[in-house]
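Enquirer: okay, sequence plus prediction incoming.
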Amino acid sequence: MQDQKTGDKDFIDMMHDFVATYTNHNPSTEDFKAIVEKHMKPALDMDGNGRMDWFFREWVYGTELPSYRLDYSLTPAEGGKILLTATVTQADVGAAFRMRVPVYAEFDGRMQRLGWVPVVGASTTKEFKLKLPKKPKKVVLCANYDVLASSVTSHGN
């Protein structure tokens with residue numbers, strides 16, 4: 001739920017709503033899930049049904065622990081830009097396991113999130129291309145430990 005402009009505000013607002021709604025009550029996991037769904041952003045709707053079933057299935061009720069691999073290349077592009085061509089592979093999970101994996105690039109000593117790549121299932125590979133303003137020192141996944149994983153590796157030129 002983190003946003004580059006507002007930080008964790010949406011998450012904090014959701015947690016305030018949860019506390020206000022369930023103060024002096026004994027909420028269940030499903031009660032919490034309902035609050036999450038009330039506040040979820042469209043990018044979190046990986047099943048396209050307005051629900052967070054995928055997240056709770058994997059991270060609350062499930063026990064699988066994915067591993068991730070990023071393979072990328074950087075090549076010159078028009079206008080002095082750099083073309084990032086990359087694939088993200090998710091492994092060690094079942095066919096229905098879904099996740100939004102954050103991709104970062106290091107520019108001038110600072111990590112900048114480029115976006116999120118949705119992946120589904122074991123050995124799912126998702127290729128993407130982005131034009132960058134300049135050549136980054138490196139490109140990595142989960143730079144801020146954004147996603148729980150058994151391992152995260154990056155390989156590029």
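Expert: Here it is on my side, so go on. The structure presented is a predicted model; accordingly, all values stated were derived computationally and were not measured.

Enquirer: state the mean pLDDT of the longest helix belonging to the chain.
Expert: Using DSSP state H, we find that the single longest helix of the chain is helix 9-22. Averaged across helix 9-22, the pLDDT comes to 96.

Enquirer: immediately after that helix, which helix or strand?
Expert: helix 29-39 (DSSP states H and E).

Enquirer: please name every helix or strand in contact with the longest helix of the chain.
Expert: helix 29-39 (3 or more Cβ pairs under 8 Å, 6 or more residues apart in numbering; DSSP states H and E). Glycine gets a C-beta too; all of them are placed from N, C-alpha and C.

Enquirer: by how many degrees do the helix it packs on and helix 9-22 diverge?
Expert: 130 degrees (axes from the mean of the first three to the mean of the last three Cα atoms, to 10 degrees).

Enquirer: I would like the residues contacting helix 29-39, please.
Expert: The contact list for helix 29-39 (Cβ atoms under 8 Å, 6 or more residues apart in numbering) reads 1, 10, 13-14, 17-18, 21-22, 50-52, 55-56, 60.

Enquirer: buried sites along the longest helix of the chain?
Expert: In terms of neighbour count (16 or more other Cβ atoms under 10 Å), helix 9-22 has its buried residues at 14, 18.

Enquirer: kindly report the same for stretch 52-68.
Expert: Across stretch 52-68, burial judged by 16+ other Cβ under 10 Å covers 52, 54-56, 58, 66, 68.

Enquirer: now do it: everything it contacts.
Expert: 29, 33, 36-37, 40, 44, 46-47, 88-94, 96-99, 101, 141-142, 147-153.
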